[in-house]
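# Below are the sequence and a predicted model for it; my questions follow.
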Amino acid sequence: MSDLNESQARLARTLDGMVVVDAGPGTGKTHTIVERYLNLVSRPDVSPGDVLMLTFTNNAASEMEERIKGSMTDRGMLKESKLVQTSTFDAFCRSILMDSPETAGSFFGISERLTRGAEVVSNDTLNETWFSSFLDDFLAERGEDFGDAAIVASQYPKDILALINRLMSKGVFPLKRGWFGIDPSRDLLGDTEGVLEDLRRLNEPSAKTGVSQAWKAIHEKAPKEGFDPLPQSEGVLDETDLADAAGEDRSGLLDLIHAVYHEYIRKSIASDRLTFGLTSMLAFSLLYDDGRIRQRNSFRYVMIDEFQDTNAIQLMISMMVLSEPNLCAVGDWKQGIYGFRFVSIHNIVEFEERMVSMRRFLNEDKVRVPFGIPSVSRLSLDVNYRSSEPIVRNAFESLFIRGTEKEEIDVERLEEKVVRLKADTDGRIGDLTETRFVRCDGRDREPEAVARCVLDYVQSDREIADGDVRRPVGLGDIAVFCRTTSGCAKVLDGLTSAGIPAYLEGDADIMSTREGKLLLAWLRYVNNDRDPWGFVPIMADMGYTLVECRAARDDPSAVPASIVAARRDLYLKRRRVTEMLTTVFSLYGIDNDVSQAIITTLSTAHRGSLLTISDLIGMIEKDIASGSRYPFEGSIDRDAVKIMTMHKAKGLEFPVVIIPYMDRGIMPLRPGSGGAYLYDDRIGIRCAYSVGRFDGYSKLCRSWRTALVAASGSRDYSEERRLLFVAASRAKQYQTFICSDPSPFIEGLSGGVYEGPPAPMARTFDSSTTAAARPDLSGYRPRSPRFAVHDLMDLSTEDGMGGMSEKNHEVCGKGPEYGDAVHSAAEIIFDGNEPPEDYPELGMVRSIVERAHCAVDSRAETDCVLPIAGTDVVLRGRIDLLADFGDVVEVHDYKTDASDRFQAEYEFQLSVYGLAASLHYGKPARCFIDYVSLGRTVEFDPMTMDELRDEVLRRMNRMGLSKD
DNA sequence: GTAATGGATCTTTTT
DNA sequence: GATCCATTAC
């Protein structure tokens, strides 16, 4: 084909041998690969059956397949096009495994057999649950063999599973005896010599104080759990202690991991239960073990797309299915952003070395890779057709930016690796390009700044070069990328409340929504019609009063008939899960992105593992508790702003890109704590905890050895730079970076020069694009407006500061944070524990709590709801302390105010609590305002319901909350 | 100038 | 619970 540029043509022509291609963003990679494929199968001796194309995503695989088949059909190769083989790595592994499942365990010395009916469970929550109960069983039976390691492991099942998954993708497997892998002892133990050197460096005493960082790391920064017994020395650590830490005997830990890992594989095979990790591990072992399987899955040519995202196993699988040394690996190390999944860009940057060592490893005892590694051709695509020249230049800048002030970057070495791109948009873009740096005041205002930028783009006279046509910017041209998913959610919020149509692409915490919680309640109710955690939330959501809910709780026959009838209908559908779930939502007329995502997620999980309703309940509960995120499909082709994480943005392009939250701690992101088990190439597997033995007792502690080793490493920001590179290379024409607290990244790009956010503008968008028409929720609509008591309180001060605009924080003498701290300390005291910090107020709190504990029943931090009689208003609030003394119930609220100037407001607040408590317990209430900072308690008579109603209505009017 | 201290802030996710 | 950075201390 003649429409290829020089570098593309070179790739399309280079058909034989080992080829690694550096394909930067926007260089026409897919197009070129398709051409290369066509050239390959046009050879008389090559059929599509000889060529395997591997990709990562289903989308990429099907796109590739369509384009190849389309081109072949155009060239009259219709018949051959049926033989085209494009596949994802996962699907390919699954096909190998399902070809001979019954022998999958033999490599591991496992006699149980996998069957063709085995299912891949992809839901993380389910996998963690399954693993936890497996681990419990395992430790109950064999835990004693492993001593302390088992004690720690029992506390951190999730972390063990994560470790096993990492070992799998590294290609480190447990054989019946010993480990399998390219260099298992190095992979498991790390570079102990190197670690020791790092420790010695860390142990250099400071010139002034004579104290070393190593000594401080364990003597000064004692964690909450405390360290196991520390070595005693002053200022610096002894050499023997360093050696002790670096070369710690980890055989017990490794024995345990080995046994758990091996038994996990056995149990999974026996249960016909697979995960993505198990699938690729078992496929590898089949290919490794059985020449006939290699024979059946043999290709003369293999092409791999997105090669920077491959792991060791995937590369070795590719080598074993090759019958000739014809591997074409296309990728871009600059876009390798999946390090946290234990994918390393080493496959692409050290391709030759890896091929040679892997071949040697695979051929150790017999020939599995039937060819030598010829010299490798390194090609690169060098023209970017996507973006304007300034945007390309800016993107490459990001590879050289420091992550912190002090980080040193080896520019020369980096420069050697980087293939610079020429930008060529054929004059279409011309000067229709611009990169802006916006700084606003406060992180909370960044979503607003995004909204203003969007409006600015849409209403300015900037134009989009759409082919040869120029047109104004539309909402659908704009994408927003955030480093974190929580950032995405905030931006969505900000755009939506500014009236700008926007949707989120990517994962969301769908189970924590109203939809998820309603479904949970219904499932509980269907599962057990006497479960108050089922029907009570359902009733509460429908607006039934606390009194009605309580009546039903005490006597389930008081559940309203319409709800009982709905349950009966659902119960009949309990074996058809998808239908049942759909029916629940249809009760509310809910049919939106969230409900769809929930149905898809639960139906898939149900199909994969035959869950009962109570399993589903448990799963939703866990998901809510842990904030699990699931894929969530917004309607893709709406004319709306797209919001996604930077990771999700890879491979996409947009005319206009906005990147907010370029703030310190976020971009680049600060690392968090690593879990109970640390694992990387340098330090190997290490456990952050150990059982410390002291005089006469032992307890679970942080391990000083592991803490020390971890402290000796240095943070590498390369992957964050690559992520910035990915984000910054998506824009075709316009790009805006936004920050409030500029990070070194945006400082490096902008040179420290910022403009303010664009001026606010108004514009309304056609509402048909914002949301579907609201369905009628008749009968199930929440029937009352609900307010927090605080919404109706006025705690503004005389001088006009702090008031309504500040969202009604209780203004207290020592600030709202102090008040919060005292409240949480009070709750801890109530539970019979010691708060971490003491406050002068706590003495008074203690005596109040002590008295409350003498009551028949007492509660702290209790939510309450009060329907206001004669209106449809429901007030809610939280009672600090509630004590039932039999004939009377007491309501307390702690105030850290420096004066009693808000007495009237508090009397209103406590009246609500008092009436709610009085209704709930069916007895009179006494109300106490405990001014704990002033050291006195004020009791007053709560208002009657009639007085309160008038007061509420008056306040609602004043604050413009009356209904309309 | 440098060194100790305190405060703020916190994950990404193809199959 | 780790990490960086600004502030304070000298």
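The structure has been received and is ready for your questions. Residues are numbered from 1 along each chain as shown, chains lettered A, B, ... in the order given.
# Low-confidence ranges, the stretch 351-500 of chain A, go.
Within the stretch 351-500 of chain A, not a single segment meets pLDDT under 70.
# Which residues of it lie near DNA strand B?
Neighbours of DNA strand B within the stretch 351-500 of chain A, by CB under 7 Å from any atom of the strand: A:Arg443, A:Arg483, A:Thr484, A:Thr485, A:Ser486. (Each C-beta comes from the backbone N, C-alpha and C, glycine too.)
# The third one - how many residues pack around it?
Applying other CB atoms under 10 Å, we find 14 other residues in the vicinity of A:Thr484.
# where's it relative to A:His647, distance?
Distance, A:Thr484 to A:His647, by CB to CB, to the nearest Å: 10 Å.
# what does the first one give?
Distance, A:Arg443 to A:His647, using CB to CB: 21 Å.
# again, but for the last one
To A:His647, A:Ser486 is 14 Å away according to CB to CB.
# higher neighbour count, the two?
A direct count of neighbours by other CB under 10 Å for A:Ser486 and A:His647 places A:His647 higher, at 16 against 13.
# The more buried one: what secondary structure?
helix (DSSP: H, G, I helix; E, B strand; the rest coil).
# Please verify my assumption that it contacts A:Gln335.
No - counting by CB atoms under 8 Å, A:His647 does not reach A:Gln335; the two are 10.6 Å apart.
# Common neighbours of those two, please.
Overlap of the contact sets of A:His647 and A:Gln335 (by CB atoms under 8 Å, 6 or more residues apart in numbering) consists of A:Val726.
# Residue ranges of each domain in chain A, please.
Following automatic domain parsing, one gets these domains for chain A: A:6-101+A:278-381, A:125-271+A:681-696, A:389-505+A:636-671+A:719-750, A:510-632, A:786-958.
# mind giving me TSV with those domains and columns for distance to A:Arg763?
Converted to TSV, the domains of chain A look like this (distance: least, CB to CB, whole Å):
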stretch	distance to A:Arg763
domain A:6-101+A:278-381	32
domain A:125-271+A:681-696	42
domain A:389-505+A:636-671+A:719-750	6
domain A:510-632	24
domain A:786-958	25
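# among these, which gets the worst mean confidence?
Lowest mean pLDDT within those: domain A:786-958, at a mean of 80.
# anything in that one near DNA strand B?
No - contact of domain A:786-958 with DNA strand B is not found when judged by CB under 7 Å from any atom of the strand; the minimum separation is 8.8 Å.
# For DNA strand B, tell me whether the helix or strand hosting A:Ile33 is touching it.
Element membership for A:Ile33, per DSSP states H and E: helix A:29-42. No - Helix A:29-42 is not in contact with DNA strand B by CB under 7 Å from any atom of the strand; minimum separation 14.4 Å.
# Tell me the buried residues in that helix?
The neighbour-count check on helix A:29-42 (16 or more other CB atoms under 10 Å) flags A:29-41 as buried.
# Quick check: next helix or strand after that helix?
Immediately after helix A:29-42, counting by DSSP H and E, sits strand A:51-55.
# what angle sits between that following strand and helix A:29-42?
Angle of strand A:51-55 versus helix A:29-42, following axes from the mean of the first three to the mean of the last three CA atoms, to 10 degrees, is 170 degrees.
# Having no further points to raise, I will conclude here.
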